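In: Attaching a predicted model along with its sequence, questions to come.
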Amino acid sequence: MKIIVRADSTECGAAAYEIFAKGIKNGAKVLGLATGSTPLPLYKEMIKSNLNFDNLTSVNLDEYVGLPVDNDQSYHYFMQENLFNKKPFKKTYVPDGIKAVDDPEGVSREYDQIIKDNPIDIQLLGIGRNGHIAFNEPGTPFDSLTHEVKLTDNTIKANSRFFASIDDVPKSAICMGIANIMSAKKIVLLAFGENKAAAVKKMIEGPVTEEVPASVLQKHPDVTVILDQAAAAELDDKYKN
Ligand code: PGA
């Protein structure tokens, strides 16, 4: 793993942008994209750049089950608002959260096929405080493919502030599996803030174990981890440069 430490999330976004820009210049055609607060500094850099994305395909990690694409909490909506409206891609894929209400298995197998047909050149990731990657929580098998994930009561409760009532909060999501993520040629993981420091340390220094999903990245041949000072705080000095 290559580890880059920068002063803050803005500088981390710029460092991540350089990797994506270089990859695109060198022929990358498919980007694996993510939602949440972590990707935003990179998306801001992409938007203000003069890079053209209309030759590129994107494949997103996950989507809530049951939210229409125009619901402002859906990941479709997030991607439109934070990247695609400003930088149109040739083709974008996000799992179909409405079709998944009745057929999560069918949607999952279709998504695996999409990833097979569009092998991911550069995959962007964040990390959860418990070491999750996307919705792949501790205990998810390393050989998992796209699957439906039931959200924990805690997550449902935490998300309820964005919805009119707790009954409107999605109860599950469709998520790329760990094997799908590991199939990307190159992986760039960003983490900011002290609340990520313990997970970052386990990912980089700890044993490779399904109890820390991100630790699987130690087995990938081309991973760059980009951290702000706070997220890097618990790392042994030998990993910082
Ligand atoms: P965050 O989430 O970007 O909102 O911190 C990252 C994650 O949980 O994967």
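Out: Yep, it's here. Numbers count the residues shown, from 1 in each chain.
In: need the residues of the protein near the ligand, please.
Out: Taking Cβ under 6 Å from any ligand atom as the contact definition, the chain meets the ligand at 36-38, 126-128. To be clear about C-beta, it is placed using only N, CA and C from the backbone, and glycine gets the same treatment.
In: Mind doing that once more with 5 Å?
Out: 36-38, 126, 128 (Cβ under 5 Å from any ligand atom).
In: ok, of the residues you listed, which one's closest to residue 12?
Out: Using Cβ to Cβ, residue 38 is the member of the residues of the chain next to the ligand that lies nearest residue 12, at 9.2 Å.
In: Report the helix or strand with the lowest average pLDDT across this structure.
Out: Ranking every helix and strand in the chain by mean pLDDT, DSSP states H and E puts helix 153-159 at the bottom, with a mean of 86.
In: For this structure, which segments count as helices?
Out: 9-25, 40-48, 75-79, 99-102, 104-117, 153-159, 178-182, 197-205 (DSSP state H).
In: What ranges in this protein fall below the confidence cut-off?
Out: For the chain, the stretches flagged by pLDDT under 70 are 241.
In: Tell me where it has strands.
Out: 2-6, 30-33, 57-60, 62-64, 91-93, 122-125, 147-150, 172-175, 186-191, 223-228 (DSSP state E).
In: tell me which residues in stretch 30-47 are buried?
Out: 30-35, 38-46 (16 or more other Cβ atoms under 10 Å).
In: starting at the chain centroid, how far to it?
Out: Offset of stretch 30-47 from its chain centre (Cα atoms, centre = their mean, to the nearest Å): 9 Å.
In: pull the CA atoms of it into CSV?
Out: C-alpha atoms of stretch 30-47 as CSV (Å, rounded to 0.1, in the frame of the first residue of the first chain):
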residue,chain,number,x,y,z
VAL,A,30,-14.1,3.1,-16.0
LEU,A,31,-14.1,4.8,-12.6
GLY,A,32,-15.6,3.2,-9.5
LEU,A,33,-17.2,6.0,-7.6
ALA,A,34,-18.5,6.4,-4.0
THR,A,35,-20.9,8.6,-2.0
GLY,A,36,-20.7,10.2,1.5
SER,A,37,-18.7,13.1,2.7
THR,A,38,-15.3,11.6,1.9
PRO,A,39,-15.4,11.8,-1.9
LEU,A,40,-16.4,15.5,-2.0
PRO,A,41,-13.0,17.1,-2.0
LEU,A,42,-12.0,14.9,-5.0
TYR,A,43,-15.3,15.7,-6.8
LYS,A,44,-14.7,19.4,-6.2
GLU,A,45,-11.3,19.1,-7.9
MET,A,46,-12.8,17.1,-10.8
ILE,A,47,-15.4,19.8,-11.3
